[in-house]
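Asks: model this:
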Amino acid sequence: MFCLVIQYSTAQTAGYKFYSHLDTVKKSGFYNIEITPALTARLKTDYSDLRIVNDDGKWVPHILHFPLQERNIDAVAYDLNFKKNENSKTSTTLVIENNLNTISNIGLVITNTAAERFCSLSGSNDQQNWFVINDSILINPVPDEKLTENIFSINFPRAGYKFFKVVIDNNNKDPFDIKRVVQSTAAYTASNPQFKLIENPVTIIMQKDSGNISYIKITQQEPFHFDNISLQVSGVKYFNRTAGIYLPYTADHSFADPGRLLSSFSISNNNTLQFRLPLTKASVFYILINNEDNLPLKVKEVKTGFTERYITAWLENADNYKLILDNDNAVLPNYDLSDLNTQAKDSIPFLTTGKIIPANANSLTVTPAKNNKWILWVAIAAALLILLFFTYRMLSEVDKRKSS
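Replies: Now for the predicted structure:
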């Protein structure tokens, strides 16, 4: 039985290639652990190979949080009157009437799609004089798994304009199928309204200009996760160009063969040059900029990062804990803790993680604690006593048969 317990604990840590010790738990309770760039380099993008284990090597249940995606559950949405002027190959313009005093979000009810578009948002009180609110918004709706429509929320600083105008750049492509426009009181806004970006270490850039295309190779120090990139360019004062991010799918990638297209976007002197992407893990990727007949841009800096993510778990002060990482065969665990509401991030302390250490053959194998060795000796003594007892009985039976 003792050996079976050890074997079960070892099975829960088998296959994980790295580990990181957690800071000391001073008091039993819920703790948050931030996902750092160093951790993401050893994790899948769905975080299915992340575990917390205790001294016995057993999994400790945790909740994975994506603050930017988490939504309030007390949703109340109001329909807003709007007019749609659509030129499918150029742009879609929505003029929305505001019946409330002030609003800070507009929700577009869109038929499920995997496409992305950029748009601008302006406000007006007379529909003649328009004032910009945001001139570079990425519309990237997430398809609803159960319904045929989804709501993409455009959040902005609270404003009291009587009218709002959304101009979506279709860029010679088919438009979104927008069914309704709504305004939400508390729903469809992040439960943690502050956008926090975790920046990865600096990248190395190589650029090659050929014909009307600029090829930029970006190398990260490790295969960090990223869903956000920002560019710093020079060389031309006014520009408006299309670009795409490509991920290598073989080890033989090059400027001529950068891989598959991950996402396309527009770069111009009027936007922030900061772009949201699907969450990706890569040590090398490429950006291709279409210069048309213009002088090439000089890309001076490329920063990568990812939106804040952290896990929450109940930890006991009597135990020591570590994170185990990187298991190709791991799947997302199904913990009871996931049904609990533990989104009060500010009231839960954070634990820090240590260095990422490779797991050798013995580093994650559970060994019995010193104060439990007596169990093994008791088991051995009991086995010897049982063996002696049956040996005595057997010898007694042999003597009886001889005497009879």
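
Asks: do a quick rundown of the helices in the protein.
Replies: Along the chain, counting by DSSP state H, helices occupy 2-11, 37-40, 373-403.

Asks: could you identify which of the ones you listed is most buried?
Replies: helix 37-40 (a mean of 21; mean count of other Cβ atoms under 10 Å). (Each C-beta comes from the backbone N, C-alpha and C, glycine too.)

Asks: with just CA atoms, put it into CSV.
Replies: Taking C-alpha atoms only, helix 37-40 is exported to CSV below (Å, rounded to 0.1, in the frame of the first residue of the first chain):
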residue,chain,number,x,y,z
PRO,A,37,7.0,35.4,-19.7
ALA,A,38,9.5,32.8,-18.3
LEU,A,39,6.6,30.5,-17.5
THR,A,40,4.9,30.9,-20.9
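
Asks: what stretches of this protein score poorly on pLDDT?
Replies: Residue ranges of the chain with pLDDT under 70: 1-12, 68-76, 88, 185-195, 338-346, 361-373, 404.

Asks: domains for it, by residue range?
Replies: Per the record, the chain has its domains at 2-70+308-358, 77-184, 197-307, 371-403, by automatic domain parsing.

Asks: chain center to the first one: distance?
Replies: When you say that, I think you mean domain 2-70+308-358. Mean C-alpha position of domain 2-70+308-358 versus that of the full chain (Cα atoms, centre = their mean, to the nearest Å) differs by 15 Å.

Asks: quick one on the thing from earlier: can you list the helices of the chain in CSV and add distance to Tyr238?
Replies: Formatted as CSV, the helices of the chain follow (distance: least, Cβ to Cβ, whole Å):
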stretch, distance to Tyr238
helix 2-11, 62
helix 37-40, 35
helix 373-403, 76
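
Asks: neighbours of the residue lying closest to Pro223 once chain neighbours are set aside, how many?
Replies: Excluding its sequence neighbours, the residue lying closest to Pro223 (Cβ to Cβ, 6 or more residues apart in numbering) is Ser283, at 4.1 Å. Per other Cβ atoms under 10 Å, the neighbour tally for Ser283 reads 13.

Asks: touching, Ser283 and Gln220? I think so.
Replies: Yes: counting by Cβ atoms under 8 Å, Ser283 touches Gln220, with 5.2 Å between them.

Asks: and Asp257, how far is that from Asn212?
Replies: As judged by Cβ to Cβ, to the nearest Å, Asp257 and Asn212 stand 19 Å apart.

Asks: now swap in Lys237 and tell me
Replies: 19 Å.

Asks: looking at these two, which is more packed in?
Replies: Between Lys237 and Asn212, counting by other Cβ under 10 Å, Asn212 is the more crowded of the two (12 against 6).

Asks: quick check on the closest residue to that one other than its chain neighbours: phi, psi?
Replies: Ranked by Cβ to Cβ, 6+ apart and with sequence neighbours excluded, the top spatial neighbour of Asn212 is Asn291, at 4.9 Å. Main-chain torsions, Asn291, degrees, to the nearest 10: phi -90, psi -10.

Asks: how deep is Asn291 tucked in, by neighbour count?
Replies: Counted with other Cβ under 10 Å, the neighbours of Asn291 add up to 18.

Asks: do the same with the one 3 residues further on
Replies: Close neighbours of Asn294, defined as other Cβ under 10 Å, add up to 15.

Asks: for Thr113, see how far away it is.
Replies: Computed as Cβ to Cβ, the Asn294 to Thr113 distance reads 31 Å.

Asks: coming back round to it: separation between the residue nearest to Pro223 and Leu22?
Replies: 26 Å.

Asks: again, but for Gln232
Replies: Distance from Gln232 to Leu22, by Cβ to Cβ: 36 Å.

Asks: so which of these two has more stuff around it?
Replies: More crowded of Gln232 and Leu22, by other Cβ under 10 Å: Leu22, with 19 against 11.

Asks: could you tell me which residues make contact with the closest residue to Glu86 other than its chain neighbours?
Replies: In space, not counting the residues next to it along the chain, Glu86 is nearest to Thr92; the distance is 4.8 Å by Cβ to Cβ, 6+ apart. Thr92 sits next to Lys84, Asn85, Glu86, Val167, Ile168, Asn170, Pro175, Phe176, Ile178 when contact means Cβ atoms under 8 Å, 6 or more residues apart in numbering.

Asks: 7 Å instead?
Replies: Counting by Cβ atoms under 7 Å, 6 or more residues apart in numbering, Thr92 touches Lys84, Glu86, Ile168, Asn170, Pro175, Phe176.

Asks: cool, and Ser104?
Replies: Applying Cβ under 7 Å, 6+ apart, we find Ser104 in contact with Asn155, Phe156, Pro157, Arg158.

Asks: could I get the residues you listed in a markdown table, plus columns for distance to Phe275?
Replies: What follows is the contacts of Ser104, written out as a markdown table (distance: Cβ to Cβ, whole Å):
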| residue | distance to Phe275 |
| --- | --- |
| Asn155 | 17 |
| Phe156 | 18 |
| Pro157 | 21 |
| Arg158 | 25 |
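
Asks: can you turn the buried part of these into a PyMOL selection?
Replies: This is how PyMOL selects the buried members of the contacts of Ser104, with burial counted by 16 or more other Cβ atoms under 10 Å:
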select buried, resi 155
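
Asks: and which of the contacts of Ser104 is nearest to Ser396?
Replies: When these are ranked by distance to Ser396 (Cβ to Cβ), Asn155 comes first, at 87.0 Å.

Asks: how near is the closest one to Gly107?
Replies: Taking Cβ to Cβ, one finds Asn155 at 10 Å from Gly107.

Asks: you'd agree Gly354 is up against Thr24?
Replies: No: Gly354 is beyond contact range of Thr24, at 11.0 Å (criterion: Cβ atoms under 7 Å).

Asks: which one's more surrounded, the two?
Replies: A direct count of neighbours by other Cβ under 10 Å for Gly354 and Thr24 places Gly354 higher, at 13 against 10.

Asks: that one: what's it in contact with?
Replies: Contacts of Gly354 (Cβ under 7 Å, 6+ apart): Ser20, His21.

Asks: and Ala282, how far is that from Val302?
Replies: 13 Å.

Asks: so which of those two has more stuff around it?
Replies: Counted by other Cβ under 10 Å, Ala282 and Val302 do not tie: Val302 has more neighbours, with 22 against 19.
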